[in-house]
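> could you look at this predicted model? Sequence included:
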Amino acid sequence: MRIQAVFNTDQIGGAERSMVATLRSKASAYKIEAWIPNISGSTDLKIYLEETIPGVIVHSFKIGASYYQVSRGNYFSILKVLVSFAICLFHIRNIKFKDQDIVWLNGNKVGALFSYYLAKNKYQGRVFWHLRDYFPTNKFLTILVQKLNGLRLSFIANSYSVKEDFDYYWPNFKCHVLYNSAATITQTNTKKVSGKIGVVAMLTPWKGIHDVLIMAARNEDALISSGANSIVIYGGEIYHTHGAHDGYKQQLEKLAKKFKKLKVEFAGLVRPQQIFTSIDLLIHSSLRPEPFGRVIIEAMESHIPVVSTGLGGAAELATLDRAWTYLPHHDAMFVRAIDEAMRGSDRQSKLDNASAFVGSLKELVKKQMSEILDA
C-alpha cells in the first residue's frame, strides 16, 4: 500500500518538515510517493525528502502560481480564486492514484484542489486533508466542501485548538488530531552560550516578527543585561501570496536599522539542525492563534528555552511549567519573559519539563497515527 503525499509548497517550512517526519515514521509499513508543486523552482524539499525517507519517489506537478497569490486578498479575490482553481484543475488532470492508495493532502491549498479533483473523478480510496492552519470559513471553501460528500475524506487537525474550531463549523465531517511529529535535533557537542535569540517563522505579519523587533529596539539595554547580544530571524516568504505579506521583509529590515547595540540578522531558510544548535533562546511571537508551533517542539528537544505568546495550539505546548509567555505588544511582559528564560531561577526545571514533554509527545503521536490509519 502506498501513501501519496501531496505538499502545499516546494519549499521547507514547519508544515513540510512535519509531513516529512510523519512519512518517515511510516516508511517501513508503506511505500511513500511525494508530489511537490512547482511554485518557486526550488528543489530543497525534494532533496530533503530523498535525504530523510529511504526509497521515496518524488514527483513534481505544475500548478498556477496565481492560485497561491490570490489566497489572501481583496474584494475581487473570490473571482480570481475560481479562475486560478480552474487552471490548476487543468494542470493536474493527468495525475491518477490507485484506489488502494492513501492520499494525504498537506495543507488547505492542495486540500481544496485535490479533494475536489478526486471527488469529481469518483476516487474510491481514503483521503486525508491535513489542516496545517485553522480552516477558512470563506464562501469558496463552504461551497467546495459541500461537494465532497461522496469522497472517503477525513480531516486531520494538528492541534486540539484547530480541531475544536473545525468541528464548530463542520460537525458532519470526521476530524482527527495528529500532533506534528517531534523533531530530531542532534547536539554534536556542548554549545557555548553566545546570547543569540532566534525567531523562526515564515515572513508574514501574523507571525509577529515586527512586534519582536519593535519591543526589542525599545528595550535594548534590558535585553543586553539579560545576556542577549543578537537577534537572528530564520525564515522566508514561502507561499508567495499577495496582501499584507507584500514588502514585509523590507519592513522588517527597516525596523532592524533602529537597533544601536543588538545585532539583527536575517538568516533566510535554514535547516532546523543548524538553527537549534546555534541559538540560546527561541521567541515564538505569533499574533493570532497558532495552529501548532513546530518550532516550539524543536527548541524544547534541543534544550533551548522558549518564550511564546502561547496562542491557539501553541498553548498546548508552551505551558507555564515548561516555557515563558508574554502578551503581544506588551513590553514589560516581553522583557521579563526573556530575562527569566535566560537567567531565572526556574530555568533549569522548565527546560527539564520541556524535554520530558517532547519524549512523551513522540509516543502520543504514534498512538494518534495508529488511530487514524486504523479507523
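Cool, got the structure. Numbering: from 1, shown residues only.

> so which helix or strand takes in Ile36?
Assigned by DSSP states H and E, Ile36 belongs to strand 31-38.

> okay, buried residues for that strand please.
In terms of neighbour count (16 or more other C-beta atoms under 10 Å), strand 31-38 has its buried residues at Ile32, Glu33, Ala34, Trp35, Ile36, Pro37. (C-beta placed from N, C-alpha, C; glycine too.)

> alpha carbons only: can I get that strand in PDB?
Output of strand 31-38 as PDB, limited to C-alpha atoms (Å, rounded to 0.1, in the frame of the first residue of the first chain):
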ATOM      1  CA  LYS A  31       5.600   2.800   0.100                       C
ATOM      2  CA  ILE A  32       5.900   6.600   0.000                       C
ATOM      3  CA  GLU A  33       5.400   8.800  -3.000                       C
ATOM      4  CA  ALA A  34       5.500  12.600  -2.700                       C
ATOM      5  CA  TRP A  35       4.000  15.200  -5.000                       C
ATOM      6  CA  ILE A  36       5.600  18.700  -4.900                       C
ATOM      7  CA  PRO A  37       4.000  21.700  -6.700                       C
ATOM      8  CA  ASN A  38       6.500  23.600  -8.900                       C
END
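
> for it, name the packing helices and strands.
strand 2-7, helix 44-52, strand 57-62 (3 or more C-beta pairs under 8 Å, 6 or more residues apart in numbering; DSSP states H and E).

> show me how the chain divides into domains.
What automatic domain parsing lists as the domains of the chain is 2-178, 196-358.

> ok now the first one, how far from the chain's centre?
It stands for domain 2-178. A distance of 14 Å separates the centroid of the chain from that of domain 2-178, by C-alpha atoms, centre = their mean, to the nearest Å.

> tell me the mean pLDDT for that domain?
The pLDDT scores in domain 2-178 average 90.

> in the stretch 151-300 of the chain, which spans are helices?
Assigned helices in the stretch 151-300 of the chain, in chain order: 160-169, 209-218, 220-226, 248-256, 272-275, 294-301 (criterion: DSSP state H, counting those that start in this stretch).

> let me have those helices in a markdown table, adding mean neighbour count and distance to Asn8 as columns.
Conversion of those to a markdown table gives the following (neighbours: other C-beta atoms under 10 Å; distance: least, C-beta to C-beta, whole Å):
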| stretch | mean neighbour count | distance to Asn8 |
| --- | --- | --- |
| helix 160-169 | 17 | 15 |
| helix 209-218 | 21 | 21 |
| helix 220-226 | 16 | 35 |
| helix 248-256 | 15 | 19 |
| helix 272-275 | 18 | 18 |
| helix 294-301 | 28 | 14 |
